[in-house]
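Undergrad: Got a sequence here, can you build the structure:
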Amino acid sequence: MTEPNPIRPSANLPAVVTQDDASNRVTRAILDFISQIPDSKVHTQGDPDVEARRLTQRAAKRAALTAGTLALPPGPLGWLTILPELISIWKIQAQLVSDIAAAYGKHAELGREQMLWCLFRHTSAQAFRDLVVRLGDRLIFRRVSYGVIERIAKQIGVKVTQRALGEGLSRWMPVIGAIGVGGYAYYDTRQVAATAIAMLKSEIGTDEADEEAEIPTQHIRATRLH
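TA: Numbers count the residues shown, from 1 in each chain. Here you go, the predicted structure:
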């Protein structure tokens, strides 16, 4: 009797879900999600760092609870909660970025490029190499076409999907999996906050550019973000 072939992680997925299909869904969700910047009820603070830490702790706890709860359904049913879980966490994180920006008095400077950077820079820094350039203490965001944003979202979507599917395997152990997923959501939300705070403490600039435009090579060599 021949030994069965080793089962790859993707083989544990329900037959109707492929990694490419999941990645496309995540990409579409990202594009839909960044089309609007959440309003904030937070006012400019005299000590924005303190307020940012308070907002971060509250959002991280909420994200952990949300992710852990959605990760509780066992087996195949758990797979159905992955995209809703991601979107729920992004909503919490986007509101956090909006509130932190308001605390620093820079809410008006938030656009789709800045929100995309804050939410996903720590997930796939390489995806932003043609969107964001650091010049000294300045972060220069290129205003690019929808096609470029779509390409960046697709790269992020692949990374997010790979991580989500890896976590999804733990949903066959619902309680342990829920703790792990919740813990990652807590960590991930704090990473989003750290990126947002660093950005808001920098001088934010914009560079009007179209899809084919290039930033001067000498600047790229000196300031590429990895």
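Undergrad: what about residue 35, which SS state?
TA: coil (DSSP: H, G, I helix; E, B strand; the rest coil).
Undergrad: number of nearby residues for the nearest residue to it once chain neighbours are set aside?
TA: Closest residue in space to residue 35, ignoring its immediate chain neighbours: residue 112 at 6.9 Å, by CB to CB, 6 or more residues apart in numbering. Every residue, glycine included, has its C-beta placed from N, CA and C. For residue 112, the count of nearby residues is 18 (other CB atoms under 10 Å).
Undergrad: residues touching residue 112, list them.
TA: 34, 35, 37, 149 (CB atoms under 8 Å, 6 or more residues apart in numbering).
Undergrad: likewise residue 88?
TA: Contacts of residue 88 (CB under 8 Å, 6+ apart): 66, 67, 70.
Undergrad: Which of the contacts of residue 112 sits closest to residue 100?
TA: Using CB to CB, residue 37 comes nearest to residue 100 of those, at 12.6 Å.
Undergrad: so the closest one makes contact with residue 98?
TA: Yes: judged on CB atoms under 8 Å, residue 37 makes contact with residue 98 at a distance of 6.3 Å.
Undergrad: Overlap in contacts, those two.
TA: What both residue 37 and residue 98 touch, as defined by CB under 8 Å, 6+ apart, is the set residue 110.
Undergrad: Please, where are all the helices along this protein?
TA: Along the chain, counting by DSSP state H, helices occupy 19-33, 48-70, 75-79, 82-103, 112-120, 146-168, 174-201, 217-223.
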